[in-house]
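Undergrad: Sharing a sequence plus its predicted fold:
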Amino acid sequence: MKRRFCLPLNTAAMILALCSAPLDAGDQPQWGQRHTRNMVSTETGLPDRFDPVSGENVKWSVPLGSQCWATPVVANGKVLLGTNNDERRDQRHQGDRGVMMCFGEADGSFAWQLVVPKLSEDVFFDWPRAGICSPGTVEGNRVYTVTNRDEVVCLDLNGMADGNDGPYREEGRHSTPSGEPLVEAGPLDADILWLLDLREAAGVRPHDSSHSSILLDGAHLYVNTSNGLTSKHDGVDKPEAPSLVVVDKATGRLVARDNAGIGDRIFHCTWSSPALGMIEGRRQVYFCGGDGVIYGFDALDPQTPMPGSEVALLDPVWRFDCDPTAPKENVHQYIRNRKESPSNIKSMPVFHEGRLYVTHGGDIWWGKHESWLKCIDASGSGDVTDTNLVWSYPLGKHCCSTPAVRDGLVYVADCDGQVHCIDAATGEACWVHDAGKEIWASTLVADGKVYIGTRRGDFWILATGREKRVLSSVQLDSPVHSSAIVANGTVYVGSMTRLYALQQGAQSKGTEK
């Protein structure tokens, strides 16, 4: 018998400290602000231009593989970023692999890598050369991420440099494809502390590529499962599987799963990662399902690991349908329908001052040509679809970017290549900038600047504020799908093939001729 879970109210002072504290200058150990996912930083003194050819304001840059769909994180002197194996750092690992690389923050020196074989039984489980698409979430010397095989793993931030810490000891076997001679774990390999295979533990079927930015809250990890469609795109292969799970961060044990019944309505996949906020004295985890609905779940007690071996059921206590007039039954008959289809949500929800900011719309590959940014009142309980919409702002044909909210303005990009600045109170546009090509990355707002890259490889730096002002743009070596981040006075920008560390006044030798 699975348990249903409802959290008693915690002390308000503790809750406020956890959920509403601003992100101080320093490390950036997860994607977006903790726990709100807001794409902002309080860092200052950041560059408003850089030049990879001359090396102006480039502290260092390093090659990645041939594809990078992840976003970097920085913690305790290390920089972590997912890629593939086409730029081999260890010749023992040949062929297509998912890779998370770890570099030294000071100079970009290579430290270690997590190497993961592909799921080979079906190309739609693990798309060729996509690599590891999930960013890391770091706490202390522990790195939590999701591999290309839809495994939640806990890694030692120091890799194998300080030995194999265990209890997991099968790193060599894990990095070796089935049927091939064992590649023993060496000093360049990751040290896996524990591993949870979501395909086995939660019964999910990943689609295209597993992607989750893990939300860490006290003793627990909140993880979206990447459950999705069949290879024929005609339905959900595992409709009973959860879209959101909770994992004990110390042991890797599955402790809870959603009971929202989302599976049948997933239009493509479950790629949106959760956020956390406090509203009306309740700590709630906000999760965007693959059905275009935002669900609010009472958060588990962050100070107390879940006891026992049973998996608790998380019942939604709050619900907002972003596209209530879209089809709700037999949704997969609308695959390839560019005029009428359900919405889905690929971005993360941003919690800010009691409101949620969410982008949603027709699927990039299979859905209608409509998308929106919505501002939603996060208060109340039950189905608040008819009562809690504050405003709705139309975007381009599609959108998969997470917004940034700062000083009464919302900054967001869409797949038409438009960067929008919107009044957070009214939902009215202040300005729109045409970046010239599709944007899949999310805006970073810091130091009076908006940082954003495009799929053509153009990287733009715009001024924040109600008047549009372009500070600079530069053509990088390859497309940009990664979102920029900032840590310790340095902006990190990942193109498909290279990671750049940008710092005001820095001068490298230059990398592109």
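TA: Structure received.
Undergrad: OK, contacts around the closest residue to residue 203 other than its chain neighbours?
TA: The spatially closest residue to residue 203, leaving aside those adjacent along the chain, is residue 241, at 4.6 Å (CB to CB, 6 or more residues apart in numbering). Bear in mind the C-beta positions are built from the backbone N, C-alpha and C, glycine included. By CB atoms under 8 Å, 6 or more residues apart in numbering, residue 241 lies in contact with 202-205, 225, 227, 263.
Undergrad: cool, residue 430 as well?
TA: Here residue 430 is in contact with 409, 421-423, 466-468 (CB under 8 Å, 6+ apart).
Undergrad: Can you tell me the SS state at it?
TA: Classification of residue 430 using DSSP: H, G, I helix; E, B strand; the rest coil returns strand.
Undergrad: Centre of the chain to the edge, which residue is at the far end?
TA: Here the centre of the chain is the reference, and by CA atoms, centre = their mean the most remote residue is residue 181, at 34.1 Å.
Undergrad: Could you measure from it over to residue 94?
TA: Separation of residue 181 from residue 94 (CB to CB, to the nearest Å) stands at 11 Å.
Undergrad: Return the set of buried residues in the longest strand along the chain.
TA: If you go by DSSP state E, the chain has its longest strand at strand 498-507. Buried residues in strand 498-507, counted by 16 or more other CB atoms under 10 Å: 498-504, 506.
Undergrad: mind putting these in CSV, distance to residue 66 included?
TA: What follows is the buried residues of strand 498-507, written out as CSV (distance: CB to CB, whole Å):
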residue, distance to residue 66
498, 11
499, 13
500, 17
501, 20
502, 22
503, 26
504, 30
506, 26
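Undergrad: how about the residues you listed, which pair is most distant?
TA: 498 and 504 (20.0 Å; CB to CB).
Undergrad: shaky segments in the stretch 401-513 of the chain?
TA: Within the stretch 401-513 of the chain, the ranges that satisfy pLDDT under 70 run 511-513.
Undergrad: Which residue ranges of it form strands?
TA: 404-406, 409-413, 418-423, 429-434, 444-446, 449-453, 458-463, 470-475, 485-487, 490-494, 498-507 (DSSP state E, counting those that start in this stretch).
Undergrad: Can you give the strand pairings for the longest one, parallel or anti for each?
TA: Here the strand partners of strand 498-507, with direction, are listed using DSSP bridges: strand 56-63 (antiparallel), strand 490-494 (antiparallel).
Undergrad: returning to that earlier point: take the contacts of residue 430 and lay them out in CSV including neighbour count and distance to residue 245.
TA: Shown next, in CSV, are those (neighbours: other CB atoms under 10 Å; distance: CB to CB, whole Å):
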residue, neighbour count, distance to residue 245
409, 20, 35
421, 22, 36
422, 24, 33
423, 15, 37
466, 11, 42
467, 9, 45
468, 13, 42
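Undergrad: So which of those residues is the closest to residue 235?
TA: Nearest to residue 235 among those, with distances taken as CB to CB, is residue 422, at 36.3 Å.
Undergrad: Could I get the buried residue list for stretch 49-67?
TA: Buried-residue list, stretch 49-67, by 16+ other CB under 10 Å: 50, 52, 55-65, 67.
Undergrad: Most widely separated two among those residues?
TA: Taking CB to CB, no two of these sit farther apart than 56 and 67, at 27.0 Å.
Undergrad: still on that earlier bit, of all the buried residues of strand 498-507, which comes closest to residue 245?
TA: Within the buried residues of strand 498-507, the smallest distance to residue 245 is 30.1 Å, found for residue 499 (CB to CB).
Undergrad: circling back to that earlier point, for the strands of the stretch 401-513 of the chain, give me a markdown table that also has distance to residue 336.
TA: Listed next are those as a markdown table, based on distance: least, CB to CB, whole Å:
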| stretch | distance to residue 336 |
| --- | --- |
| strand 404-406 | 33 |
| strand 409-413 | 25 |
| strand 418-423 | 25 |
| strand 429-434 | 28 |
| strand 444-446 | 34 |
| strand 449-453 | 29 |
| strand 458-463 | 30 |
| strand 470-475 | 34 |
| strand 485-487 | 35 |
| strand 490-494 | 32 |
| strand 498-507 | 35 |
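Undergrad: Quick one, which of the ones you listed gets closest to residue 104.
TA: strand 498-507 (10.4 Å).
Undergrad: In the protein, where is pLDDT below threshold?
TA: In the chain, residues with pLDDT under 70: 1-25, 511-513.
Undergrad: Let me know whether residue 425 touches residue 407 as I believe.
TA: No. Contact criterion CB atoms under 8 Å: residue 425 and residue 407 do not qualify, at 11.5 Å.
Undergrad: For the closest residue to residue 469 other than its chain neighbours, give me its contacts.
TA: Excluding the flanking residues, the one nearest residue 469 by CB to CB, 6+ apart is residue 463, at 3.9 Å. Contacts for residue 463 (CB under 8 Å, 6+ apart) come out as 448-450, 469-471.
Undergrad: before we move on, what about residue 238?
TA: 203-205, 227, 263.
Undergrad: what do you get if the cut-off is 6 Å, keeping everything else the same?
TA: 203-205, 227 (CB atoms under 6 Å, 6 or more residues apart in numbering).
Undergrad: For the chain, just list every one of the helices.
TA: Assigned by DSSP state H, the helices in the chain fall at 12-20, 171-175, 198-201.
Undergrad: Tell me the gap between the second one and the middle of its chain.
TA: What that stands for is helix 171-175. The chain centre lies 26 Å from the centre of helix 171-175; the measure is CA atoms, centre = their mean, to the nearest Å.
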